[in-house]
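K.L.:
Can you look at this prediction? I've put the sequence above it.
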Amino acid sequence: ADYVNLWFNASTYTPENIYNTEADFLKLWEESEQLDYVPTGIQELDDKLLGIIPGHLYMFKARTGIGKSEFMRYLEWNFFQKGIRFAACHLEETRLRTLLGLVGYQLCRNVTRKDLVQDQGLEAEVLASMKSISDKDLYYQYSLRDNESTESFCELIRLLSIGYGCRYVIVEPIQDILTNVSSDSREQALGNLGVALSKLAADLNIGILSIAHTNDDNEIKYCRYLGQRASVVVNLDRDKSAEDSVTRNTTTLLIEKNRPTSLEGAAGSMLFSLDSFTMAPINQGLTL
């Protein structure tokens with residue numbers, strides 16, 4: 001009798017990864033966080049993106065020498081000013097150069113090398129800035145290990161997110177993350193990395209930001225699929241041969257893909273100052 005009762009009153013088995021009941025959908029609504037984003041301070045970009053939104057993979061792409069790394073440093077300083085905890089890794093720089101880049105934004109001085117700091121008599125100010133940055137506990141600098149794999153890199157991001165509370169993780173350039181793959185398998189490996197990072201950003205509800213080098217056709221080198229996996233793709237460009245110094249040091253932004261809001265197109269310009277080695281929106285009065 002017990003068996004017959006259980007048999008005829010049994011409910012449909014539903015695995016935990018399938019939602020279809022009212023209770024399931026209400027749970028999604030109740031547990032979902034409010035839309036959280038960090039404005040970049042670039043008005044035209046924020047008008048289209050709202051800002052940098054957790055849960056998404058952002059790809060900033062450009063040719064060599066356009067100002068990609070400096071643009072990322074501007075975003076890092078923006079996070080720091082707004083009290084947002086983040087982690088950053090610039091694979092084409094030394095760890096000291098990466099740190100001094102952030103210090104330079106705080107001091108508005110070119111302190112990108114130790115000799116420049118000493119020549120300007122700024123050692124005390126630089127050391128005080130380093131202490132100020134560390135005291136706020138907002139900035140985590142990390143590096144990659146030799147023979148980094150997609151799995152080990154994702155575990156590192158999980159540690160930065162869950163263990164240290166970083167809301168955004170920056171790594172650039174994305175093509176240099178995996179060093180233990182052959183040229184024949186690079187495209188597949190980078191494609192798998194793009195899939196893993198986009199899923200991880202959504203799973204952890206963090207923003208992952210990276211830079212991608214492009215080829216002569218302005219396509220992402222080695223793996224066009226990286227752009228397909230990103231929620232947002234922004235192209236950076238600069239006329240390096242312009243006679244006018246302002247034009248020569250102005251980086252323009254063009255949104256090519258925007259999954260969060262679907263708005264694309266021109267998204268402002270950034271001026272790079274050779275004096276301070278910092279970048280700012282062109283309408284903020286930064287001088288060369």
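P.N.:
Great, that's in hand. Residues are numbered from 1 along each chain as shown.
K.L.:
distance of Val233 from Leu209?
P.N.:
Per CB to CB, to the nearest Å, Val233 is found 12 Å from Leu209. (Each C-beta comes from the backbone N, C-alpha and C, glycine too.)
K.L.:
now Gly51
P.N.:
For Gly51, the distance to Leu209 - CB to CB - is 12 Å.
K.L.:
Of the two, give the one with the bigger neighbour count.
P.N.:
Neighbours per residue (other CB atoms under 10 Å) separate Gly51 from Leu209, with Leu209 holding more: 25 against 18.
K.L.:
hang on, the earlier thing: could you name every residue contacting both of Val233 and Leu209?
P.N.:
Residues touching both Val233 and Leu209 (CB atoms under 8 Å, 6 or more residues apart in numbering) are Phe60.
K.L.:
Mind listing residues that contact the helix or strand of the chain at the bottom of the mean pLDDT ranking?
P.N.:
The weakest-scoring helix or strand in the chain, judged by mean pLDDT, DSSP states H and E, is helix 22-31 (a mean of 86). Contact partners of helix 22-31, identified using CB under 8 Å, 6+ apart, comprise Tyr19.
K.L.:
For Val38, see how far away the residue nearest the centre of the chain is.
P.N.:
The chain has Leu209 as the residue nearest its centroid, 1.6 Å off, counting by CA atoms, centre = their mean. Counting by CB to CB, the gap from Leu209 to Val38 is 11 Å.
K.L.:
Likewise for Thr251?
P.N.:
Separation of Thr251 from Val38 (CB to CB) stands at 20 Å.
K.L.:
Also Glu264?
P.N.:
To Val38, Glu264 is 20 Å away according to CB to CB.
K.L.:
C-terminal to the strand or helix carrying Ser69, what's the next element?
P.N.:
With secondary structure defined by DSSP states H and E, Ser69 is part of helix 68-81. Downstream of helix 68-81, the first helix or strand assigned by DSSP H and E is strand 86-90.
K.L.:
you'd agree Gln141 is up against Cys89?
P.N.:
Yes - shown here, Gln141 and Cys89 form a contact pair, counting by CB atoms under 8 Å, at 7.1 Å.
K.L.:
any shared contact partners between these two?
P.N.:
Common contacts of Gln141 and Cys89 (CB under 8 Å, 6+ apart): Thr98.
K.L.:
The two: who's more crowded?
P.N.:
Neighbour count, other CB under 10 Å: between Gln141 and Cys89, Cys89 has more, with 20 against 15.
K.L.:
Could you pull up the contacting residues of the more buried one?
P.N.:
Applying CB under 8 Å, 6+ apart to Cys89 gives the contacts 98, 141-144, 170-172.
K.L.:
For PyMOL, what selects the buried ones among the residues you listed?
P.N.:
A single PyMOL command suffices to select whichever of these are buried according to 16 or more other CB atoms under 10 Å:
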select buried, resi 98+142+144+170+171+172
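K.L.:
I'd like the contacts of Cys89 as a markdown table, with secondary structure and pLDDT appended.
P.N.:
Converted to a markdown table, those look like this (DSSP: H, G, I helix; E, B strand; the rest coil; pLDDT from 0 to 100):
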| residue | secondary structure | pLDDT |
| --- | --- | --- |
| Thr98 | helix | 93 |
| Gln141 | strand | 96 |
| Tyr142 | coil | 95 |
| Ser143 | coil | 91 |
| Leu144 | coil | 90 |
| Ile170 | strand | 97 |
| Val171 | strand | 93 |
| Glu172 | strand | 90 |
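K.L.:
residue boundaries of the strands in the stretch 101-250 of the chain?
P.N.:
Along the stretch 101-250 of the chain, counting by DSSP state E, counting those that start in this stretch, strands occupy 139-141, 168-172, 207-213, 232-237, 250-258.
K.L.:
ok, and what's touching the second one?
P.N.:
The list of residues contacting strand 168-172 from outside it, by CB under 8 Å, 6+ apart, reads 38, 52, 54, 68-69, 72, 75-76, 79, 84, 86-92, 144, 157, 160-161, 177, 206-211.
K.L.:
Please apply the same query to the first one.
P.N.:
Among residues not part of strand 139-141, those counted as contacts by CB under 8 Å, 6+ apart are 76, 80, 85-89, 95, 98-99, 102, 133, 160, 164, 166.
K.L.:
roughly how far out does it sit from the chain middle?
P.N.:
Relative to the centre of its chain, strand 139-141 is centred 13 Å away, using CA atoms, centre = their mean, to the nearest Å.
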